[in-house]
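>>> Need coordinates for the below:
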Amino acid sequence: MPESVKSRVAFALLANTMRPVMNLLVRKQWEGLENLPRDTGFIACPNHVTEIDPVVVGHFFYNQKIMPRYLAKASLFKVPVFGSALRATNQVPVERVTSGASASLTAARVVIEAGGALIVYPEGTLTRDPDLWPMRGRTGAARLALQTGAPVVPVAHWGAEALLPRYSKRLNLFPRKTVRLRVGTPVDLSDLRDQPMTKSVLDTATERIMDSLTDLVAELRDEKPPAIRWDPAVNGQRATGRDFEQPRGFDPIRKIKQDNDSGQRREPKHDGDKQNGTENNELA
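Numbering: from 1, shown residues only. Reported below is the predicted structural model:
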């Protein structure tokens with residue numbers, strides 16, 4: 001992607017600061033580099049297990065001479081110093097209101113159409129799964145892929161959570177950790193691209209993205225993933241924020257039964273009725 005002088009300088013300053021630190025803190029094993037598209041823009045979808053994931057993934061892409069562009073919450077752009085760094089490196093702010101969401105989509109298109117890599121966490125936040133497996137995905141990455149035609153490339157990593165556990169404030173420096181990262185083949189969404197963007201289509205695309213990502217994580221962990229993907233809503237957890245654990249007295253079995261009873265009483269809707277559904281502005 002063509003870079004402005006300001007962007008190149010900002011990336012160079014960040015890289016010269018962070019790369020020596022990351023090289024000191026962790027050993028890295030990068031695999032599947034041949035799966036990175038080199039002749040077109042694409043959407044990269046990593047798993048999300050710790051707050052330093054963007055540094056780990058950004059380190060990888062920068063070393064491949066691909067400038068990492070993230071979808072980031074618009075509120076982060078208002079944080080002193082950090083927000084300036086985001087703006088200087090042309091990161092993409094995500095707004096929740098309709099007008100802001102349209103601007104986010106336009107900015108995302110610019111990155112992709114210029115041949116760059118747009119990094120979207122399909123879970124939308126750090127996983128709530130107790131064992132750190134990828135949880136239920138949100139439809140933002142699928143929506144962007146279907147709207148832009150960009151390929152979706154799953155990027156799994158494992159090991160960063162040992163350096164900084166989820167939502168921890170303390171690094172575990174010793175012994176030195178190893179972070180493995182594996183790039184998968186693009187997710188096949190070809191049969192969905194010409195269909196109306198209904199909730200059913202978005203859910204199907206999202207499941208394919210999450211399945212591909214989970215398979216890669218399982219390979220890195222050499223473990224079998226859960227048969228059912230973790231869903232914060234089913235388990236009484238908040239979708240965002242550090243304080244997401246189950247409220248006292250929560251009964252997940254009762255919650256499932258209540259949801260099923262509610263679904264049976266609700267009038268069914270056709271997919272076409274949900275084409276412009278409640279997640280229409282969800283980009284991350």
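>>> Spatially nearest residue to the one residue sitting closest to the centre of the chain (excluding sequence neighbours)?
Relative to the mean C-alpha position of the chain, the nearest C-alpha, by C-alpha atoms, centre = their mean, is the one of Tyr121, at 0.5 Å. In this structure, Tyr121 finds its nearest non-sequential neighbour in His48, 4.7 Å apart by C-beta to C-beta, 6 or more residues apart in numbering. Using the backbone N, CA and C atoms, a C-beta is placed for each residue, glycine as well.
>>> Pro93 now?
The shortest distance from Pro93 to any residue that is not its chain neighbour, by C-beta to C-beta, 6+ apart, is 4.1 Å, and that residue is Ala74.
>>> right, and Ala117 touches Pro68 too?
Yes - the criterion here is C-beta atoms under 8 Å, and Ala117 meets it with Pro68 at 6.4 Å.
>>> Now the common contact residues for these two.
Each of Phe61 lies in contact with both Ala117 and Pro68 under the rule C-beta atoms under 8 Å, 6 or more residues apart in numbering.
>>> circling back to that earlier point, give me the secondary structure label for the residue nearest to Tyr121.
The three-state assignment at His48 reads coil, by DSSP: H, G, I helix; E, B strand; the rest coil.
>>> quick one, what contacts it?
Counting by C-beta under 8 Å, 6+ apart, the residues that His48 touches are Tyr121, Glu123, Thr125, Leu126, Thr127.
>>> repeat for Val81
Going by C-beta under 8 Å, 6+ apart, Val81 touches no other residue.
>>> And it, how close does it get to Glu3?
Plainly put, Val81 is 21 Å away from Glu3 if you go by C-beta to C-beta, to the nearest Å.
>>> between the contacts of His48, which is nearest Leu144?
Comparing the contacts of His48 against Leu144 with C-beta to C-beta picks out Tyr121 as the nearest, at 12.2 Å.
>>> Angles on the backbone of the closest one, please.
Listed backbone geometry of Tyr121 is phi -80, psi 110, with angles given as degrees, to the nearest 10.
>>> That one and Val55: what is the separation?
As judged by C-beta to C-beta, Tyr121 and Val55 stand 14 Å apart.
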